[in-house]
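Trainee: predicted model, plus sequence, below.
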Amino acid sequence: MVLTARLMTDSEDTKTFFSREIEENMDALYGTALRLSGTGADAEDLVAETVSKAWTAIASLEDRRRFRPWIFRILHNCFISNYRREAVRPRESVYEEDDDGGLVALLNAQPDDFLVWWANPERQYFNNMLGSAIMAAIDGLPDAFRTTIILINVEGLTYDEAAEALGVPPGTIRSRMKRGRTMLQKALWEQAREAGIAATTHNSRHET
Amino acid sequence: MSSDKESHSHDDIGCLEAIEAFYAYLDGELSDPQAIEDFEHHMSHCRSCFSRSEVEKLLNERMRESGTSKAPDDLRSRVRRLMDEF
Ligand SMILES: [Zn+2]
């Protein structure tokens, strides 16, 4: 077969290409694996497994310029099948629908205190906010949103690349960003409230 | 071409539409020039959305700084050994 012959003659070239791409994406792959799996040891295993699987499936990479979404898709699939945290996250499906009324419904469902806070964010509070606190808030999001935010906002994938990596339509990525980032804001608001920085309407200490 | 519609005041719908476009805009994923113009116009008039976008930009920067990790050296050599066997 022509294809087989081409693969044979290109094999050295393909391997060079593959190795270079893996090297270049190593930090991003490890960083994503670490955020997804939660431990360094799991992350290292996940990356190693991804590299093996990817090489086996190299013929499925149709466009070399799409290496990044392709390799992240393999990483994500490995994570789903072997490393996903045991805890089931039933809330996830609630946020999955992709209708236009979604954002209105989502905002309507938020406490007024949060919406007021979000409309007047305290710049100073965010300036002082630790990166680790933000990442902890992201880790607490349902998987679909957590993964999307990590790929786009942490690792810098485009929406198209993230859609390909996660095997969903681009519209779903847009929707997940809106909902996921709103949920992230809410988690940060909750942190601020616990720290006593954001005001609350009910004061639990002085019940009448 | 320029419609002289009253655009100095915004209402909740305006903010909602802005929020709809918020992350696509900040992530550089809003491509329709009209949508970009509408969004930027709203930002220039709406204090809430403007300060919200400043905070979201700050969050974007912070996530980029704090979320990324460097692959450990032992992982790099493990993967190199792995690829040597391909
Ligand atoms: Zn507004």
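Mentor: Looks like it came in fine. Residues are numbered from 1 along each chain as shown, chains lettered A, B, ... in the order given.
Trainee: distance of A:Ala119 from A:Phe79?
Mentor: Counting by C-beta to C-beta, to the nearest Å, the gap between A:Ala119 and A:Phe79 amounts to 36 Å. No exception for glycine: its C-beta is placed from N, CA and C like everyone else's.
Trainee: these two: which has the busier surroundings?
Mentor: A:Phe79 (22 against 14; other C-beta atoms under 10 Å in any protein chain shown).
Trainee: can you tell me the closest non-neighbouring residue to B:Thr68?
Mentor: A:Gly31 (5.0 Å; C-beta to C-beta, 6 or more residues apart in numbering or on different chains).
Trainee: quick check: mean pLDDT across the helix or strand hosting that neighbour?
Mentor: Using DSSP states H and E, A:Gly31 sits within helix A:2-37. Helix A:2-37 carries an average pLDDT of 82.
Trainee: restricting to C-alpha, output the next helix or strand after it in CSV.
Mentor: From helix A:2-37 onward toward the C-terminus, using DSSP H and E, the following helix or strand is helix A:40-56. Output of helix A:40-56 as CSV, limited to C-alpha atoms (Å, rounded to 0.1, in the frame of the first residue of the first chain):
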residue,chain,number,x,y,z
GLY,A,40,2.7,14.3,40.9
ALA,A,41,3.1,10.6,40.7
ASP,A,42,-0.2,10.1,38.9
ALA,A,43,0.6,13.0,36.7
GLU,A,44,4.0,11.5,35.6
ASP,A,45,2.3,8.1,34.9
LEU,A,46,-0.4,9.8,33.0
VAL,A,47,2.0,11.7,30.8
ALA,A,48,4.1,8.5,30.1
GLU,A,49,1.0,6.6,29.2
THR,A,50,-0.2,9.4,27.0
VAL,A,51,3.1,9.4,25.1
SER,A,52,2.9,5.6,24.5
LYS,A,53,-0.7,5.8,23.4
ALA,A,54,0.0,8.7,21.2
TRP,A,55,2.9,7.0,19.4
THR,A,56,0.7,3.9,18.8
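Trainee: give me the next element, helix or strand, following helix A:40-56.
Mentor: helix A:67-78.
Trainee: just the CA trace of that following helix, in CSV.
Mentor: The C-alpha trace of helix A:67-78 is given here as CSV (Å, rounded to 0.1, in the frame of the first residue of the first chain):
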residue,chain,number,x,y,z
PHE,A,67,-0.6,18.1,17.3
ARG,A,68,-1.4,20.0,20.4
PRO,A,69,-5.2,19.4,20.5
TRP,A,70,-4.5,15.8,19.4
ILE,A,71,-2.1,15.0,22.2
PHE,A,72,-4.3,16.8,24.8
ARG,A,73,-7.2,14.7,23.6
ILE,A,74,-5.2,11.5,24.2
LEU,A,75,-4.1,12.8,27.6
HIS,A,76,-7.7,13.6,28.6
ASN,A,77,-9.0,10.2,27.4
CYS,A,78,-6.3,8.5,29.5
